[in-house]
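**Student:** fold the following for me, if possible:
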Amino acid sequence: MDIITDQKHWFSEKHTDSATAFSLEITQCLHEEQTAYQKIALFETKSFGNLMVIDDCIMLTQRDNFIYHEMMTHPALFNHPAPRHVVIVGGGDCGSLREVAKHKEVESITQIEIDQRVTELSLQYFPELCRANNDARVSFQFTDAIKWMQQAADASIDVIIVDSTDPIGPAEGLFQEAFYSDCARVLAADGILVQQSESPLVHWQSITQKMRSAMAIAGLEKQQTLFFPQPVYPTGWWSTTLASRNDLQLVRDRQSKAAEFDTDYYNYGIHLAASALPNFILKQS
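**Tutor:** Now for the predicted structure:
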């Protein structure tokens, strides 16, 4: 992907796979730096609030991130019968962490982010996403999640949420069979793995199906891909995939009907509808 910032103060991300681009009018550049792992840039936009860009790819904006973060967390937590121990891989902006912390039955949340600067900059420029950072249940591990998972105890985690960037650079290994095998070992009996799984419109065959195959080989054969809009991501249509050793059922639909917390996108109707597969995907499967 390429970045263009023209003289009229527009930030554009070109997506070569779909021959498209998405643009936001920016009012100023807030911060830029090259960390040990990646290039991070933050902008103030005219209509989408603050924007975070990593390695020239849009990560999130203040205006629409709630869709992604809610869909990465609540469907899995409402599917699991007793999600006590949760691990978030990546997720340095802390939006997924904030959503997980809304579930009172969760006893521990471990966030494993390789680049501490993502979290530090989120505290500064996306403070609303970091409201749960001081929750007593939360611990931060700024380290390599692949190595962390290799050393984690068997059957010790109920839900693993892989809130990663695209499968390039530091995140490439998070889409591989070896990582999924460690996740399968670390997950308890009813455990669920959640992985952001790119755009169904352009990535279904090139990324999503390969990812699902690697999960199945690793022992996580029961899978459900959920679909949702995400305006700032390529094609504006995104997905997350749940995987488990056991059938993924809407076992807690009564709880999702009457969630004891506020959401902006996720609700019971979304919980039911997001798992419906479009016909063009059924034809490819």
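
**Student:** buried residues of the helix or strand where residue 147 lies, list them for me.
**Tutor:** According to DSSP states H and E, residue 147 maps onto helix 145-151. For helix 145-151, the neighbour count (16 or more other C-beta atoms under 10 Å) marks 145-146, 148-149 as buried. The way it works is simple: take the backbone N, C-alpha and C, and place the C-beta from them, glycine included.

**Student:** what two of those residues have the greatest distance between them?
**Tutor:** Farthest apart among the buried residues of helix 145-151 by C-beta to C-beta are 146 and 148. That separation is 7.2 Å.

**Student:** which strands and helices sit next to the helix holding residue 147?
**Tutor:** Packed against helix 145-151, as judged by 3 or more C-beta pairs under 8 Å, 6 or more residues apart in numbering; DSSP states H and E, are the following elements: strand 85-90, helix 177-186.

**Student:** and with 10 Å instead?
**Tutor:** Counting contacts by 3 or more C-beta pairs under 10 Å, 6 or more residues apart in numbering; DSSP states H and E, helix 145-151 packs against strand 85-90, strand 108-112, strand 157-163, helix 177-186.

**Student:** not counting it itself, show me its contacts.
**Tutor:** With contact meaning C-beta atoms under 10 Å, 6 or more residues apart in numbering, helix 145-151 is reached by 87-90, 110-114, 141, 144, 152, 157, 160, 162, 164, 170-174, 176, 178-183, 185-186.

**Student:** hmm, which of the residues you listed are the buried ones?
**Tutor:** Neighbour-count burial within the contacts of helix 145-151 applies to 87-90, 110-114, 152, 157, 160, 162, 164, 170-171, 174, 179-183, 185-186; the criterion is 16+ other C-beta under 10 Å.

**Student:** how about the helices in this protein?
**Tutor:** Secondary structure of the chain (DSSP state H): helices located at 65-79, 95-100, 116-125, 145-151, 177-186, 209-217, 253-257, 268-273, 279-284.

**Student:** deepest in the core, which of the ones you listed is it.
**Tutor:** Among those, helix 95-100 has the highest mean neighbour count (mean count of other C-beta atoms under 10 Å), at a mean of 27.

**Student:** mind giving me the domain split of the protein?
**Tutor:** Here the domain parsing of the chain from automatic domain parsing is 2-61, 65-284.

**Student:** would you list those domains in JSON lines and tack on mean pLDDT?
**Tutor:** Output for the domains of the chain, formatted as JSON lines (pLDDT from 0 to 100):
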{"stretch": "domain 2-61", "mean pLDDT": "90"}
{"stretch": "domain 65-284", "mean pLDDT": "93"}
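
**Student:** quick one: which of the helices of the chain is nearest residue 54?
**Tutor:** With distances scored as C-beta to C-beta, the stretch of the helices of the chain nearest to residue 54 is helix 116-125 (7.5 Å).

**Student:** quick one: that closest one to strand 85-90, angle?
**Tutor:** Interaxial angle, helix 116-125 versus strand 85-90 (axes from the mean of the first three to the mean of the last three C-alpha atoms, to 10 degrees): 90 degrees.

**Student:** show me what helix 116-125 is in contact with.
**Tutor:** By C-beta under 10 Å, 6+ apart, the residues outside helix 116-125 that reach it are 30-31, 33-38, 40-44, 49-52, 54, 59-60, 62, 90-95, 97, 111, 113, 115, 126, 128-130, 133, 140, 142-143, 165.
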